[in-house]
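Asker: model this:
(one chain, ligands or ions: 1)
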Amino acid sequence: MSAMRVDAKVVMLGKESVGKTSLVERYVHHRFLVGPYQNTIGAAFVAKPIQVGEKVITLGIWDTAGSERYEAMSRIYYRGARAALVCYDLTDSSSFQRARFWVKELQNCEEHCKIYLCGTKNDLIEGDRSLRQIDYHDVQDFAEEIGAQHFETSSKTGNNVDELFQKVAEDYNNTAFQYMTGKCFMHIRPFFCMNPLSQMAFRVVNWSQCIFRGCMNCHNNNFD
Ligand SMILES: Nc1nc2c(ncn2[C@@H]2O[C@H](COP(=O)(O)OP(=O)(O)OP(=O)(O)O)[C@@H](O)[C@H]2O)c(=O)[nH]1
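Answerer: Next up is the predicted model:
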């Protein structure tokens with residue numbers, strides 16, 4: 001576990017094998033791993049600093065397991081997330097149904113979490129357009145309807161991957177919901193939250209009272 005201070009919690013969601021881990025690998029380590037597919041078990045965490053203008057924002061990225069077996073666990077990981085990258089495989093229409101499921105979950109449970117719809121493996125489409133199972137414009141319409149951003153990426157070629165995470169960090173930086181705490185719930189309580197409008201710090205005695213759930217000092221956050 002890194003001791004790096006995390007500014008924004010980001011969660012990767014989507015059906016198994018859509019390419020969530022590959023997206024994180026490409027973005028964080030600039031590589032595409034070949035070889036037998038290994039499904040994620042539970043979730044993996046990585047912190048990545050990113051330059052936004054004059055500032056450095058550190059994204060704490062939780063890569064969840066797509067298998068429905070781990071669905072209950074994935075719910076734990078999106079708690080308090082500022083951004084959710086909801087991934088679907090452009091060559092697999094059923095993966096988009098699963099993406100819709102996660103969108104609904106987020107809308108119901110994490111209203112402050114910004115949604116990024118991400119169509120993965122677009123190198124496969126570039127190679128053979130008949131492989132496309134999900135229309136770009138249909139997803140664009142859906143994205144507009146739910147107020148989400150929409151990207152198509154390839155972790156194999158790197159196409160649009162940096163742009164996606166850059167947008168996440170920029171959006172986070174632009175949002176009024178900057179919050180601050182001394183230490184997170186796991187380390188000390190009560191802790192303090194900053195009301196973004198009044199800039200007044202207020203004391204929170206119960207984690208669930210805080211709508212700005214998260215901790216700037218560690219990534220081990222958001223569990224009730
Ligand atoms: N051609 C191509 N293959 C990809 C791309 N991204 C992922 N893959 C392949 O898709 C398979 C699944 O990728 P993962 O990144 O492990 O998928 P995941 O969504 O993390 O899967 P779970 O851990 O089961 O949830 C692997 O064989 C990858 O090599 C891509 O952009 N292009």
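Asker: what about the chain, any weak spots by pLDDT?
Answerer: By pLDDT under 70, the low-scoring segments of the chain are 1-4, 176-224.
Asker: residues from it in reach of the ligand?
Answerer: In this structure, the chain approaches the ligand at residues 14, 16-22, 37, 39-40, 65-67, 120-121, 123-124, 154-156, judged by CB under 6 Å from any ligand atom. Where C-beta positions appear, they are placed from N, C-alpha and C, glycine not excepted.
Asker: mark which of these are part of helices, please.
Answerer: Among those, the members falling in helices (DSSP state H) are Lys20, Thr21, Ser22, Asp123, Leu124.
Asker: measure the last one to Leu164 for me?
Answerer: Here the criterion is CB to CB, to the nearest Å. By it, Leu124 lies 18 Å from Leu164.
Asker: returning to what we had before: are any of the residues of the chain next to the ligand buried, and which?
Answerer: Those of the residues of the chain next to the ligand that meet the buried threshold are 14, 16-22, 40, 65-66, 120-121, 123-124, 154-156, by 16 or more other CB atoms under 10 Å.
Asker: could you list the residues in contact with stretch 48-58?
Answerer: Applying CB atoms under 8 Å, 6 or more residues apart in numbering, the contact partners of stretch 48-58 are 4-8, 27-28, 47, 59, 61, 165-166, 169-170, 172-173.
Asker: for that stretch, which residues meet the burial criterion?
Answerer: For stretch 48-58, a neighbour-count test (16+ other CB under 10 Å) marks Lys48, Ile50, Val52, Ile57, Thr58 as buried.
Asker: the third one bridge partners, please.
Answerer: By that I understand Val52. Applying DSSP bridges to Val52 yields these beta-bridge partners: Lys55.
Asker: from Gly60, how far off is it?
Answerer: On the measure of CB to CB, Val52 and Gly60 end up 15 Å apart.
Asker: now do the helices in the chain.
Answerer: Using DSSP H, helices in the chain cover 20-29, 71-78, 93-109, 122-127, 136-146, 161-174.
Asker: and Gln140, what does it touch?
Answerer: Gln140 sits next to His150 when contact means CB under 8 Å, 6+ apart.
Asker: that one and the ligand, how far apart?
Answerer: 20 Å (CB to the nearest ligand atom, to the nearest Å).
Asker: please apply the same query to Asp128.
Answerer: 11 Å.
Asker: ditto for Val28
Answerer: Taken as CB to the nearest ligand atom, the span from Val28 to the ligand is 13 Å.
Asker: now do Val10
Answerer: Distance from Val10 to the ligand, by CB to the nearest ligand atom: 15 Å.
Asker: quickly list what that residue is bridged to.
Answerer: Here Val10, judged by DSSP bridges, has bridge partners Ile61, Ala83.
Asker: thought it was touching Tyr78?
Answerer: No. The pair Val10 / Tyr78 is not scored as a contact, 9.9 Å apart, by CB atoms under 8 Å.
Asker: joint contacts of those two?
Answerer: Contacts common to Val10 and Tyr78, judged by CB under 8 Å, 6+ apart, are Trp62, Ala84.
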